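Q: okay, predicted coordinates and the sequence, questions at the end:
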Amino acid sequence: MLIGRIKENFPSHMFIGEESVAVGEKCDLTNDPTWIVDPVDGTMNFVHSFPHSCIALAVLYHKDVHIGIIYNPILEQMYTAKCNQGAFLNDKPIRVSEETDLSKSLVIAEFGTNRDTQKMESVLKNVSALMNKVHGLRAMGSAALNMASVAAGGADSYFEFGIHVWDIAAGALIIKEAGGVCLDTEGPLDLMSRRMICASSEKLALQIIPLLDQLKLERD
Ligand code: LIP
């Protein structure tokens with residue numbers, strides 16, 4: 001529905017959508033104006049009526065995110081950002097926390113939904129590597145809302161191996177506009193690399209990265 005309505009107004013634009021890729025469409029990020037759509041992020045939560053799922057939408061041009069929107073329709077929370085114009089929750093400005101000390105940080109270490117043995121072992125290694133080094137660990141089941149929580153200062157960092165471009169594109173801009181950082185665990189952010197860490201500061205992200213198991217995954 002979203003893609004159909006947007007196409008009526010922008011017929012030449014490109015689209016990448018979780019559901020479109022699931023039915024065989026290409027996941028090809030070019031320099032063209034591209035809308036990246038995840039109609040339901042946190043699907044497992046949605047199925048269980050756990051009110052932590054959302055719609056995530058990003059608009060990219062030359063592979064840079066220019067607009068990011070994450071909307072939780074259950075709790076009526078709308079996170080938005082435009083490039084160089086700040087980040088907002090329901091039109092009120094948001095900002096990342098000022099925490100830079102890992103031992104005082106609330107870190108989101110998402111489990112994911114893949115039950116592949118290597119993936120599950122990697123998740124457990126990361127949880128056990130971090131458990132006694134952080135103030136608290138969380139996993140709430142929506143990549144986009146996890147990023148929104150870091151942007152709004154409710155959590156200090158979130159990382160995951162196995163996410164897709166539609167899970168993180170909108171959040172990447174919202175985090176940046178809220179003053180935080182979003183990185184690949186092996187360098188600058190790469191939206192297609194299937195791994196990402198975001199944090200209130202680079203200083204905090206760089207304390208977490210060396211503790212993580214670098215799971216190798218096929219790119220989007
Ligand atoms: C899911 C995420 C979840 C993450 C999974 C998956 P879906 O998205 O939001 O937090 O752990 O890797 O990407 O499938 O619900 O859109």
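A: Great, that's in hand.

Q: could you give the number of residues near Ser20?
A: When neighbours are counted by other Cβ atoms under 10 Å, Ser20 registers 16. In this view, the C-beta of every residue, glycine as well, is placed from N, C-alpha and C.

Q: and if you look at Ile67?
A: Per other Cβ under 10 Å, the neighbour tally for Ile67 reads 18.

Q: just give the closest residue to it, not the sequence neighbours.
A: In space, Ile67 comes closest to Val59 once its chain neighbours are excluded; the distance is 4.2 Å by Cβ to Cβ, 6 or more residues apart in numbering.

Q: helix/strand/coil for that neighbour?
A: Per DSSP: H, G, I helix; E, B strand; the rest coil, the secondary structure class of Val59 is strand.

Q: ok, now which ones touch the nearest residue to Glu99 once chain neighbours are set aside?
A: The spatial neighbour of Glu99 that comes closest, neighbours along the chain excluded (Cβ to Cβ, 6+ apart), is Asp156 at 4.5 Å. The neighbours of Asp156, taking Cβ atoms under 8 Å, 6 or more residues apart in numbering as the test, are 96-97, 99, 105-107, 150, 199-200, 204.

Q: switch to 7 Å and redo it
A: Counting by Cβ atoms under 7 Å, 6 or more residues apart in numbering, Asp156 touches 97, 99, 105-107, 150, 199-200, 204.

Q: for stretch 210-220, list every residue counted as buried.
A: Going by neighbour count (16 or more other Cβ atoms under 10 Å), the buried part of stretch 210-220 is 212, 215, 217, 220.

Q: same check on stretch 143-160?
A: 143-153, 155-160.

Q: quick check: Ile197 touching Ile209?
A: Yes: distance between Ile197 and Ile209: 6.3 Å, which falls inside the contact criterion (Cβ atoms under 7 Å).

Q: give me the more crowded residue out of those two.
A: Higher neighbour count among Ile197 and Ile209: Ile197, with 23 against 15, using other Cβ under 10 Å.

Q: so what touches stretch 63-81?
A: By Cβ under 7 Å, 6+ apart, stretch 63-81 touches 29, 31, 51, 53-60, 82-83, 87-90, 144-145, 148, 151, 169-174, 177.
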